[in-house]
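**Student:** Turn this into a structure:
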Amino acid sequence: MTGSQLFFSNPQGNDGLVYGSPSHLGTSPPRNRTLSKVSFVLLVHAHQPVGNFDHVIEEAYQKSYAPFVRVLENHPQIRVSLHYSGILLEWFERQHPKYIKQLARLTTRGQVEMVGGGYYEPILPMIPDRDKLAQIRKMALFLRNHFGETPRGGWVAERVWEPSLARPLAEAGVEYVLLDDTHFLAAGLDPSELHTTYITEEAGFSLRLVPSLKILRYTIPFQDPDATIGVLREGIGKAEALFAMGDDCEKFGVWPGTYDHCYTHGWLERFLGAVQDNAEWLETTTVSDYLAAHPPRGRVYLPNASYPEMMEWALPASAAGEFKACLDESEHLQNGERFRRFLRGGMWRTFLAKYPESNQVQKFMLSLSERLEAARLANPQGREAVRLLSEAEDHLLAGQCNDPYWHGIFGGLYAPHLRSAVIRHLIQAEILLDRLEGAKKGPAIRVETEDFDVDGQDEVLIRHSTFGMVLRPADGGTVSSLRFKPASADLVNSLTRRPEAYHELVRQKVMTHDAPKEGPASIHDRVVTKEKNLGELLRYDHYLRHAFRTYVFPAAKTWQDFDYLHLEENRELAGGPWFLAAAKARSGTFELRREAMWNCNGKDLPLRATKTLKTQAAGKTWKLECQTSLAADQTCPAPLALGVELIFNLLAPDAPDRYFLANDIRRPLEFKGEIEGTSLLVVDEWQRVRIALEARPKPRWWIVPVETISQSESGFERVYQGSAILAVWKIDAPAWRDMQCVVRAEITQVGTGDGTTT
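**Tutor:** Numbers count the residues shown, from 1 in each chain. This next block holds a predicted model:
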């Protein structure tokens, strides 16, 4: 609340971290407004996702983080605010500790203000308030320990704002945040009113708000320095004119073409020099110092918003296309800007509806947060319990890193290695919580039935110290998560191929747009295809990519039909709701049933299907079995086929340490085709996972890679999302009336040389 000091207390007691009062900002006597210079506030943000490849981060360091600070050191008169996510600061400590010392020198001499925020860069509205506090506290402690000051500001990841954030941010000691001008325009402010700061509140908890100007975001560094100086000149003669911009450090060297532009050709040096040359009317300052010298203009309440591109990406594909068309149309209208300021896309939470895969991980994360809080409230005693709690919390917070939860040019949902990294941390938190709860005696397998992901349908959650599963009776009786805890991996972790707004550009085979004469193209104006014929991959799945989906289809179909989604299967069996007839935790047995009609040469044939899943584990070995029975009261004059689909994503389709093995032939995961034989081995030597598949009667194995087209800052690219494996049995006519098939999987954790290649 205003007028009081805020502090954190951990579950064991006061941690001693005291924050300044939000109300101290703006209490300094106002300056002589007739003599005020134009204030230029630059907040530069740097982040790398949890699980990103080390060589990618190193390249970003060499191309952006290191040279940016080197140039900044050469201009001691230039003052800026800097924000680095905790993930990145940890990486600097390990790989380039001198960089931390370099930042500390700049902070000590007052040139740089270090800005806080969520340590693992979470989208704040998607995590519980207690975790918001934990994320911000962890970052504040790191910055205080390394740079000597507790941060006053908080970076809001992806500028995703909801009004309810004001209270937990203020409670965490955050005094200000910087948000895009989009947020303020949507609240009804005029563009002329964005050269100052405002205050907002939630239940009396106050927070200062700083508008970041889009025009600066699009001129820096893409246009000549004079273009930005021209924008800043508009503030001359205006009382306390503020021009603030918060944006990514990666645009200064990592984005395509920007390294040569900023450093080889000296744009950044010239830009900072130009700012210094205009010191008579222009001054740079940190956000905190500006706020301390200038009271807020007034109170404002901002709606849900992010930056414009994010709100466009959040929309469903068809709506995103319509929204883009509206924006383009407004460009040609007289005074079209009047319309554009009120045009907004979707809110960030829409990603959780747009992508059920993201929603499942987020709901898994929320369930772990609840378990962690319950474990805390149980007040476990002893050093080991405290250690387990602390480590579980850190893995939980790491699993909240934002990137794999959304998709756009920068979002990482389509990147399997980023999804896997977040899931790995969450599973590690789950393992630690299992240990904490281990003292409580209970069944080896725990089963809960609830609407886990809040989609209006119950799921069956199955937990064991070795594995975790999410069974979905309403979606074809499938399994959407196979968590193998010894490897901290979800073996499904695939992504449905669905329409995206940018797919039309892929179909048109759009190549790179011409760059502006002044510099490289903005990442939002640049379209590149990274390989030819990507359009051939634009096929859209009929169902979510889950395991143990049941297919009944004409026997004449081939693996190519499976690849191109032309099986003409019975949709009721494949994707309709199944009835959960039995769920026996003690034996790990789950029986599902479904009736459907099959049109066979114009004649309706009633089918009765039963699917029995069995799961058992001991140590680092997990056994799964899916027994499928298909019965009919009358024969079908045409032959049919029965298929049971498995989905495994072992991440690297062409890596030599990940492969299929059958009939003594080793094939990479990118293999597509048919294999005959009772058994099939799937091996991941990197994660040390071995999946031995066996089917009876002897099937044909149809294997096809699941490949999506992703949009990133470097262009459109093919991304492997796992392999679909269909065990297929032919049902000959007219004799059959009852068909029974079994697929078994034995999943073990092994090391290279432990028999995985034989």
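
**Student:** how does the chain divide into domains?
**Tutor:** In the domain annotation for the chain, the residue ranges read 35-306, 548-705+723-749 (automatic domain parsing).

**Student:** Val470 sits in which helix or strand?
**Tutor:** strand 467-472 (DSSP states H and E).

**Student:** Which other helices and strands does that strand contact?
**Tutor:** Contacts defined by 3 or more C-beta pairs under 8 Å, 6 or more residues apart in numbering; DSSP states H and E place strand 467-472 against strand 459-463, strand 478-484, strand 603-618. Every C-beta, even on glycine, is put in place using the N, C-alpha and C of the backbone.

**Student:** how about a cut-off of 6 Å?
**Tutor:** The elements that strand 467-472 packs onto, with contact taken as 3 or more C-beta pairs under 6 Å, 6 or more residues apart in numbering; DSSP states H and E, are strand 459-463, strand 478-484.

**Student:** In CSV, list those strands along with mean pLDDT, mean neighbour count and distance to Leu680.
**Tutor:** Written out in CSV, the entries for these read as follows (pLDDT from 0 to 100; neighbours: other C-beta atoms under 10 Å; distance: least, C-beta to C-beta, whole Å):
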stretch, mean pLDDT, mean neighbour count, distance to Leu680
strand 459-463, 97, 21, 24
strand 478-484, 98, 25, 16
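
**Student:** Let's have the ones you listed in JSON lines, adding distance to Thr678.
**Tutor:** As requested, these are exported to JSON lines (distance: least, C-beta to C-beta, whole Å):
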{"stretch": "strand 459-463", "distance to Thr678": "27"}
{"stretch": "strand 478-484", "distance to Thr678": "22"}
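
**Student:** where in the stretch 451-600 of the chain is pLDDT low?
**Tutor:** Low-confidence regions of the stretch 451-600 of the chain, defined by pLDDT under 70, span residues 509-530.

**Student:** how about the strands in it?
**Tutor:** Along the stretch 451-600 of the chain, the stretches classed as strands by DSSP state E, counting those that start in this stretch are 459-463, 467-472, 478-484, 489-490, 549-554, 579-584, 589-600.

**Student:** Quick one: closest of those to Phe142.
**Tutor:** For Phe142, the closest of these is strand 489-490, at 28.9 Å, according to C-beta to C-beta.

**Student:** So for Ala325, what pLDDT did the model give?
**Tutor:** In this prediction, Ala325 carries a pLDDT score of 87.

**Student:** mind checking the backbone torsions on it?
**Tutor:** phi -60, psi -40 (degrees, to the nearest 10).

**Student:** and the residue nearest to Ser712 when sequence neighbours are not counted, how many neighbours does it have?
**Tutor:** Closest residue in space to Ser712, ignoring its immediate chain neighbours: Ile409 at 6.3 Å, by C-beta to C-beta, 6 or more residues apart in numbering. Residue neighbour count, defined by other C-beta atoms under 10 Å, stands at 17 for Ile409.

**Student:** got it, and Asn304?
**Tutor:** Here the count is done by other C-beta under 10 Å, and Asn304 has 18 residues near it.

**Student:** and the gap between it and Leu315?
**Tutor:** Relative to Leu315, Asn304 is positioned 13 Å away (criterion: C-beta to C-beta, to the nearest Å).

**Student:** Equivalent analysis for Arg270, please.
**Tutor:** With distances defined as C-beta to C-beta, the gap from Arg270 to Leu315 amounts to 39 Å.

**Student:** Neighbour count for these two, which is higher?
**Tutor:** Neighbours per residue (other C-beta under 10 Å) separate Arg270 from Leu315, with Leu315 holding more: 20 against 14.

**Student:** Pull the contacting residues for that one.
**Tutor:** The contact partners of Leu315, taken as C-beta atoms under 6 Å, 6 or more residues apart in numbering, are Phe323, Gly345, Gly346.

**Student:** try it again with 8 Å
**Tutor:** Phe323, Gly345, Gly346, Thr350, Ala501 (C-beta atoms under 8 Å, 6 or more residues apart in numbering).

**Student:** Look at the nearest residue to Gly117 once chain neighbours are set aside and report its pLDDT.
**Tutor:** Using C-beta to C-beta, 6+ apart and skipping the chain neighbours, the partner closest in space to Gly117 is Trp155 (3.6 Å). Trp155 carries a pLDDT score of 98 in this model.

**Student:** now the strands for the stretch 601-750 of the chain?
**Tutor:** Under the criterion DSSP E, counting those that start in this stretch, the stretch 601-750 of the chain carries strands at the ranges 603-618, 621-631, 640-648, 658-662, 665-668, 673-676, 679-684, 689-696, 700-712, 715-731, 738-749.

**Student:** any chance of the ones you listed in JSON lines, plus mean neighbour count?
**Tutor:** Output for the strands of the stretch 601-750 of the chain, formatted as JSON lines (neighbours: other C-beta atoms under 10 Å):
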{"stretch": "strand 603-618", "mean neighbour count": "17"}
{"stretch": "strand 621-631", "mean neighbour count": "20"}
{"stretch": "strand 640-648", "mean neighbour count": "24"}
{"stretch": "strand 658-662", "mean neighbour count": "20"}
{"stretch": "strand 665-668", "mean neighbour count": "13"}
{"stretch": "strand 673-676", "mean neighbour count": "14"}
{"stretch": "strand 679-684", "mean neighbour count": "21"}
{"stretch": "strand 689-696", "mean neighbour count": "20"}
{"stretch": "strand 700-712", "mean neighbour count": "21"}
{"stretch": "strand 715-731", "mean neighbour count": "20"}
{"stretch": "strand 738-749", "mean neighbour count": "18"}
